[in-house]
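Student: let me see the structure of the following:
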Amino acid sequence: MVAVIPPQENMVALVSRTGRHLQRYCKGRRQVVGCIPYKYNAGEVEVLVISSQKGKGMLFPKGGWEKDESKEEAAIRETIEEAGVKGVVERQLGKWSFKSKTHDTLYDGHMFPLLVQEQFELWPEKNFRKREWMSVGEAREVCQHGWMKDALDRLVKRLASRPQHVEEVGHVC
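Tutor: Below is the predicted model of the structure:
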């Protein structure tokens, strides 16, 4: 019997990074990075939201930017760990300063669009989070962070200014 091992690019590590010893800080603010995963479905943009690990709300994947990675690498890692998707990270939407609702700490949040190309059935935080594809309007209603809603608005504006996408190949021309 011969075992067939799938190519490594189709596999995802099933362990999330933990700890804060590699976290980046700037002027006392913890640096976090995240993505708004999106895709086109029947010509409409859909975004992927995830449940909060600590609360009952929904949000976009985000987490600590660590010293051994670029912002884009951190965004991809957090999106795989928390939402179980990967794809093409596009130009940064912006940077927002906000105060944590649970830690009374200041953060800088950097957000990127991520055009989803692959969705995993198993991912590191599958047992802790729910994920759901929804319309932009629905996501705006359920997202618990104002700064993430602002990032979503920027994404929608950016996508509206682009030439029509080519849905069959899964990317924007």
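Student: residue ranges in the protein under the pLDDT threshold?
Tutor: Filtered on pLDDT under 70, the chain yields the residue ranges 1-20, 55, 164-173.
Student: if we go to 90?
Tutor: Low-confidence segments of the chain (pLDDT under 90): 1-24, 28, 53-57, 99-105, 162-173.
Student: spatially central, which residue of it would that be?
Tutor: In the chain, the centroid-proximal residue (C-alpha atoms, centre = their mean) is Cys35; its distance is 2.9 Å.
Student: shouldn't Leu48 be in contact with Val116?
Tutor: Yes. Assessed by C-beta atoms under 8 Å, Leu48 is found in contact with Val116 at 6.9 Å. C-beta: built from backbone N, CA, C; applies to glycine.
Student: what's the spacing between the nearest residue to the residue nearest to the centre of the chain once chain neighbours are set aside and Arg140?
Tutor: Residue nearest to Cys35 in three dimensions, not counting chain neighbours: Leu114, with 3.9 Å by C-beta to C-beta, 6 or more residues apart in numbering. For Leu114, the distance to Arg140 equals 18 Å [C-beta to C-beta, to the nearest Å].
Student: so which of these two has more stuff around it?
Tutor: Neighbours were tallied for Leu114 and for Arg140 using other C-beta atoms under 10 Å; the higher tally belongs to Leu114 (28 against 15).
Student: tell me which element that one is part of?
Tutor: Assigned by DSSP states H and E, Leu114 belongs to strand 106-119.
Student: the helix or strand that that strand is followed by: which residues count as buried?
Tutor: Following strand 106-119 in sequence order, the next helix or strand is strand 131-135 (DSSP H and E). Within strand 131-135, the residues scored as buried using 16 or more other C-beta atoms under 10 Å are 131, 133.
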